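> This is a predicted model, with the sequence first.
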Amino acid sequence: MKYYLCSHNSTRMENLLRKGVREAVREIWGTDVTDDMLQIQKTRKEFAGDLTLVAFPLARVSHSSPEKTAGEIGRWLAANISAVSDYNVIKGFLNVTIASSQWAKRLENLSAAENYGFLEAEYGSAMVVIEYSSPNTNKPLHLGHIRNNLLGFSLSRICSAAGNRVIRTNIVNDRGIHICKSMLAWQMFGNGETPDTTGKKGDHLVGNYYVLFEQKLREQSEQLVAGGMTPEEARENAPLMKKARELLLKWEAGDPDTVELWKRMNSWVYEGFDVTYKDLGVEFDRIYYESDTYKTGRELVLQSLEKGDLVRRDDGSVWIDLTADNLDQKLLLRSDGTAVYMTQDLGTAVLRYADYHFDRHIYVVGNEQNYHFQVLALTLLRMGYRWAEGLHHFSYGMVELPEGKMKSREGKVVDADDLIEEMTATATEMSRELGKLEGYSESERKNICRQIGLGALKYFILKVDPKKNMTFNPAESIDFNGNTGPFIQYTYARIRSVMKKAEETGARQGDRDCSDVTPNLKEISVIKLLNDFPSLVVEAAAELSPALIANYCYELAREFNQFYHDYSILGEEDKKIRDFRLKLTGVTGRVIEKGLWLLGIEAPERM
RNA sequence: GGUUCCGUAGCUCAGUUGGAUAGAGCAACAGCCUUCUAAGCUGUGGGUCGAGCGUUCGAGUCGCUCCGGAAUCACCA
């Protein structure tokens, strides 16, 4: 198996118990149990015990009540497995208590583990290509892109932590009528403005002209409507629209001046995007441009047409017939031979497969394009590309404002740069109110506030199920208390503070073995969570779910904070226990740091 | 109309292969800083899991029907 498709992964403790139950059943009733009869889960907080065996399915084998079955298995386990110290039966549930000493040994093991929780990619590991971001070059990034970028980047880290080889990629929509619109507006009304002369960020400058184009177009359309046209006719027949189409034709024909302008304005946009990507902390290994891939797509379509996979209509347009798959006929080339969106994505996929021979290709694209990606995969399969079975559309919900959808044409968007700046500003203000900014240099202060502000934003977005639409209310700022990014970051900073103090005071001298300590209940709770981390990473990769990681980090931080509140670490008199707690604290810090890393959130040393 | 997704506390959300009395945070109220960072910790109140039927020893989770919301079904991208 090249990558994990199973969503159920067991911890070492669970496997131990599973094995024990199998043996117990074999010895007591003389039968083997199947996997689906072995249901083991964590014991709920309100009951005594660590792991719970659901005995209902086993009643079939024992031919007695679930209670009796659970009782007999419990007795056997307690007698024959040293790690099991106690058990109780409630209804059909067998709650098993793992000996406290086992948990100290567990902590010792996972503390010693190299790169705990993360798997290394090897030569034969699955190759996963992840496409995300995919901006248009006619406007700056907005909140929807932020969700996209954060999801994509986090997924790339999760997949690589689960042992896959990962290529992060981006397809830039750098051609088409929409690009010509901003170019045209700049030509007509720009007076030669550049990012340098105006001091504006390039993507914003270009975006302004896109909005200006739409505004002027609306004015022209309204006049034509007053003259008797329908709104649709007016929009298509307005002089500006005609000019934009002419410009597109010139671009496609390779007109030197047009191409020159296109290159120039795109370069402004790329400079702007680079700043936003850097602020967001996302990166790419390889960027594809639609202007490069659409030609490959067109050739591909023409080849398939010759092979007879596609149909050509009388007007010359080329279609694929997917009615057998309960979809419609879909256009692949216009009657004038030009490419559409689908053509370009076909080309991109083929180029990428040639480049990477991926096992899996994940597209992080909004759910508005579900149909598009269904068609894309089917079309490639129809063309004979078996690898298209590895295409996966990671479909996420829209980000909406309280008043409804964001509309970039009308400038009704939450701009990515503005939001990042606001989050940092809020973090700065909160830090000042809490009196946390003393004793920091200016640059330290800025950096910490930036980390916290972005941490709040990223966690806010990543903790929710990607499938769900989310509403963002700019009036209610994102929280910094409770189930938030800063809460987790704060826990980390606290841990670092303890660890530093331990080193300064000499309390921490080397790595002493603590496996003979008997942990208390709070400590066990934390160790249990730490113990879950590796299987969680694998599960998050299988489910493609950053939210799983986010919620785990929160739970771990909360559990640790309770321990931190109830017990002294460095003030503990018993040196053995102090060392043990220090070890627990250190491992928790490392796991939180890794969890945050998987989300693309920075872990501040102080805050 | 067809297809897909969503509906859990006033608000934002968890809820693992179906499992025990459905959990957090925010907001409200009441406590905890001479002690490792109070962005923390503790407690109180708040729910017919959109509605109904079915499968099951057991349903927020699976199936069907309905209600409400979103997306999509373009020679736009």
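Now that the structure is in, tell me what you want to look at.

> Span of stretch A:396-415 from start to end?
Length of stretch A:396-415, first residue to last, Cα to Cα, to the nearest Å: 19 Å.

> what does stretch A:498-511 give?
Across stretch A:498-511, first to last residue, Cα to Cα, it's 16 Å.

> now it: mean pLDDT?
Mean pLDDT, stretch A:498-511: 82.

> what's the answer for stretch A:295-307, then?
Per-residue scores along stretch A:295-307 average to 94.

> now stretch A:314-326
89.

> residue in chain A nearest to RNA strand B?
Going by Cβ to the nearest atom of the strand, RNA strand B is nearest to A:Gly482 of chain A, at 2.1 Å. (C-beta placed from N, C-alpha, C; glycine too.)

> Quick one: mean pLDDT over stretch A:403-416.
80.

> mind listing what's buried in it?
A:Met406, A:Ser408, A:Arg409, A:Gly411, A:Val413, A:Val414, A:Asp415, A:Ala416 (16 or more other Cβ atoms under 10 Å).

> list the contacts for the residue nearest to the spatial centre of chain A?
Residue closest to the mean C-alpha point of chain A, counted by Cα atoms, centre = their mean, is A:Leu151 at 2.8 Å. Taking Cβ atoms under 8 Å, 6 or more residues apart in numbering as the criterion, A:Leu151 is in contact with A:Tyr132, A:Val364, A:Phe394, A:Tyr396, A:Ile461, A:Leu462, A:Pro466, A:Pro546.

> I figured A:Thr424 hits A:Gly453, correct?
Yes. Judged on Cβ atoms under 8 Å, A:Thr424 makes contact with A:Gly453 at a distance of 3.9 Å.

> Pull up the residues of the stretch 451-600 of chain A that are close to RNA strand B.
Neighbours of RNA strand B within the stretch 451-600 of chain A, by Cβ under 7 Å from any atom of the strand: A:452, A:463-465, A:467-471, A:479-484, A:486-487, A:490, A:493-494, A:496-498, A:501, A:547-548, A:551, A:554, A:558, A:561-562, A:564-571.

> Please convert the buried members of those residues into PyMOL selection syntax.
PyMOL command restricting those to the buried ones, with burial defined by 16+ other Cβ under 10 Å:
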select buried, chain A and resi 452+463+464+470+480+483+484+486+487+490+493+494+496+498+547+548+551+554+558+564+569
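
> Let's see which of the residues of the stretch 451-600 of chain A next to RNA strand B end up in strands.
A:Met470, A:Thr471 (DSSP state E).

> How much space separates A:Ile495 from A:Asp566?
Using Cβ to Cβ, to the nearest Å, A:Ile495 is found at 16 Å from A:Asp566.

> meant to ask about A:Met37, not that
39 Å.

> ok, now A:Thr194?
Taken as Cβ to Cβ, the span from A:Thr194 to A:Asp566 is 61 Å.

> swap in A:Glu555?
Taking Cβ to Cβ, one finds A:Glu555 at 17 Å from A:Asp566.

> and A:Thr424 and A:Gly453? which has more neighbours close in?
A:Gly453 (27 against 20; other Cβ atoms under 10 Å).

> I figured the more buried one hits A:Met430, correct?
No. Applying Cβ under 8 Å as the test, A:Gly453 and A:Met430 come out as separate, 9.1 Å apart.

> Whether the helix or strand harbouring A:Val21 contacts RNA strand B - can you check?
A:Val21 belongs to helix A:12-29 when elements are defined using DSSP states H and E. No. Judged by Cβ under 7 Å from any atom of the strand, helix A:12-29 stays clear of RNA strand B, getting no closer than 9.3 Å.

> What are the buried residues along that helix?
For helix A:12-29, by 16+ other Cβ under 10 Å, it's A:Met13, A:Glu14, A:Leu16, A:Leu17, A:Arg18, A:Gly20, A:Val21, A:Ala24, A:Val25, A:Trp29.

> Next SSE downstream of it?
Per DSSP H and E, the helix or strand that comes after helix A:12-29 is strand A:39-42.

> hmm, that next one in reach of RNA strand B?
Yes. Strand A:39-42 is in contact with RNA strand B by Cβ under 7 Å from any atom of the strand, via A:Gln39, A:Ile40, A:Gln41, A:Lys42.

> need the contact list for the nearest residue to the first one once chain neighbours are set aside.
When the adjacent residues along the chain are set aside, A:Gln39 lies closest to A:Val54, with 4.0 Å between them (Cβ to Cβ, 6 or more residues apart in numbering). Each residue near A:Val54 by Cβ under 8 Å, 6+ apart is listed here: A:Gln39, A:Ile40, A:Gln41, A:Gly92, A:Phe93, A:Leu94.

> Can you spell out which residues form a bridge with A:Val54?
A:Gln39, A:Phe93 (DSSP bridges).

> May I ask you to confirm that A:Val129 belongs to a strand?
Yes. Checked against DSSP: H, G, I helix; E, B strand; the rest coil, A:Val129 lies within a strand.

> What are the phi and psi values at the residue sitting furthest away from the middle of chain A?
When distances are taken from the C-alpha mean of chain A, A:Gly227 lies farthest, 51.0 Å away, according to Cα atoms, centre = their mean. Main-chain dihedrals, A:Gly227, degrees, to the nearest 10: phi -80, psi 0.
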